[in-house]
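here you go, sequence then predicted model.
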Amino acid sequence: MSCPTCRRKYEGDRTHCDVDFAVLVPAAPADPPSRDPRPAVPEVPDAPPAGGVSTCACSAPVVPGAAECEWCGRPIEAPPVAPAATSTGAGASLRGPWGSVDVGEEPLEIGRGSPTPVIAGALADLDVVSRRHAEIVRHEGAVWLRDVASANGTFVNDHRLEPGHPVLVAPGDAIRLGSSVHLELGAAP
C-alpha cells in the first residue's frame, strides 16, 4: 500500500498514512522482471557532489543520482543546493530527557512510542509529546529533523515545523517538542 499524497510505502494491513493520514491505496505493480530492480537503499558516494548536498522540493536530503526523493517520492527536479554551515562532522548526538543518543543514517524516531526504549521511557508520561512525534537523521554530515504530524508541534528556533517537511538543524539550534520538551543537538563523542 502507498500514500497518494506523500507516496510513502506501507506493508501489512494499514489503512492510513502516518504522515498525513491519507487513505492508503494499492501500490503500483512491480517492475517487469526484465528490468533491474532499484536497490532498497541507494549507495551514497564517499564525497558529496560539487555544490554540496542535494535537496528535494520538500527540503529532504537526496542521494546524488537518485531519480526520486526517498522521503516524499517526488521526482528530483531542483539543482543541488549546498546547506549553510550545518555540518556536524563525522557524527551527531541528540540530548533530551533520556540523556544522549547518537543520530545516524537511519531515522531516529522521537516520541512516546519510539522503538528506542530509552527515548520511549523518558517521554512515556509527557502528554505534550505524541506517540510518533518527530524523526531526526544524519545525511552526508548534515542533520535533518521532521515533524511526523504531532499534535503539539515540533519547533526549531521557535518556528513550528510543517508536518512531513524535513529541515536542516545544527548545533546551537533550539529544538522543542510541544510546549516544554527541549532537545539539544551536539557532536557525537
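Structure's in. What do you need? Numbers count the residues shown, from 1 in each chain.

tally of neighbours for Ser180?
Burial measure for Ser180: 10 neighbouring residues, criterion other Cβ atoms under 10 Å. C-beta: built from backbone N, CA, C; applies to glycine.

now do the end-to-end distance for stretch 144-151.
20 Å (Cα to Cα, to the nearest Å).

buried residues, it. List them.
Of the residues in stretch 144-151, 144-150 count as buried by neighbour count, 16 or more other Cβ atoms under 10 Å.

pLDDT on it, on average?
The average pLDDT within stretch 144-151 is 93.

distance of His159 relative to Glu184?
In this structure, His159 lies at 17 Å from Glu184, with Cβ to Cβ, to the nearest Å as the measure.

pick out whichever of those two has more residues nearby.
Comparing His159 with Glu184 by other Cβ under 10 Å, the one with more neighbours is Glu184, at 14 against 11.

follow-up on the earlier one: Asp127: which of the buried residues of stretch 144-151 is nearest?
Comparing those against Asp127 with Cβ to Cβ picks out Ser150 as the nearest, at 11.9 Å.

in contact with the closest one, which residues?
Neighbour list for Ser150: 111, 129-130, 132-134, 163, 177-178 [criterion: Cβ atoms under 8 Å, 6 or more residues apart in numbering].

ok, Glu11 to Arg74 distance?
Distance from Glu11 to Arg74, counting by Cβ to Cβ: 21 Å.

so which of the two has more stuff around it?
Arg74 (16 against 7).
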